[in-house]
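K.L.:
Need coordinates for the following:
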Amino acid sequence: MYYWIYALFYMFLTFILGQLFIEENLKLLFFLVMFLLYVSLNNIYFSTKYYMKLRNTPGIKGERGDPGRQGQDGSNGVCTIAKDCGIANCRMLIGEYLQDKFTEYKTIIKKIDTNQALDSGEKKIYSHMNSYIDMLVPQCESFETSSGNDKIKEFEKIIDNTIKDDTG
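P.N.:
Residues are numbered from 1 along each chain as shown. Next comes the predicted model:
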């Protein structure tokens with residue numbers, strides 16, 4: 001609404017001031033200059049209004065971009081002060097130990113890390129190993145050593161015993 005009031009006021013002011021010129025060429029030149037000024041001011045007004053409207057409205061959501069590089073591995077945790085510190089990452093400990101014991105499982109993990117497809121036999125081995133790891137993780141998290149020796153080595157002995165029980 002204010003736009004139309006200012007536009008009409010500008011037009012009336014232009015016609016009133018245009019009547020002050022007596023010579024026709026000067027009057028025509030004045031009207032052309034005032035018209036160009038009017039067009040320029042309208043351009044500025046509509047550009048800022050359109051910019052303010054678009055600035056606050058979200059655009060169309062685009063496609064997901066390429067994944068970035070993988071970050072650095074974090075630490076597994078260090079036990080320097082506490083004497084009764086447990087194993088930092090049980091799932092990783094068990095998984096790496098099983099990869100050392102079973103070469104088939106290690107090749108399956110390498111395939112998964114490189115996004116290669118697994119055949120049905122490999123899927124069966126992978127699900128069996130995951131269920132085995134899921135069974136051992138609670139034991140690992142609540143594991144208490146009988147002597148003051150290395151907890152990891154003692155738990156690896158437990159893994160060996162359960163492997164012997166499972167396969168034997």
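
K.L.:
For this structure, which segments count as helices?
P.N.:
2-18, 24-55, 90-101, 103-113, 120-141, 151-167 (DSSP state H).

K.L.:
Tell me which of the ones you listed lies nearest to Gln70.
P.N.:
Smallest distance to Gln70 across the helices of the chain (CB to CB): 10.7 Å, for helix 103-113. Placement of C-beta: from N, CA and C, glycine included.

K.L.:
mind listing what's buried in that closest one?
P.N.:
Residues of helix 103-113 classed as buried: Tyr105, Ile108, Ile109 (neighbour count, 16 or more other CB atoms under 10 Å).

K.L.:
What is it packed up against?
P.N.:
Counting contacts by 3 or more CB pairs under 8 Å, 6 or more residues apart in numbering; DSSP states H and E, helix 103-113 is packed against helix 90-101, helix 120-141.

K.L.:
Find the centremost residue of this protein, please.
P.N.:
Pro67 (8.7 Å; CA atoms, centre = their mean).

K.L.:
most packed of the helices of the chain?
P.N.:
Mean neighbour count, computed with mean count of other CB atoms under 10 Å, is highest for helix 90-101 among the helices of the chain, reaching a mean of 16.

K.L.:
and the angle from that helix to helix 103-113?
P.N.:
Angle, helix 90-101 to helix 103-113, by axes from the mean of the first three to the mean of the last three CA atoms, to 10 degrees: 120 degrees.
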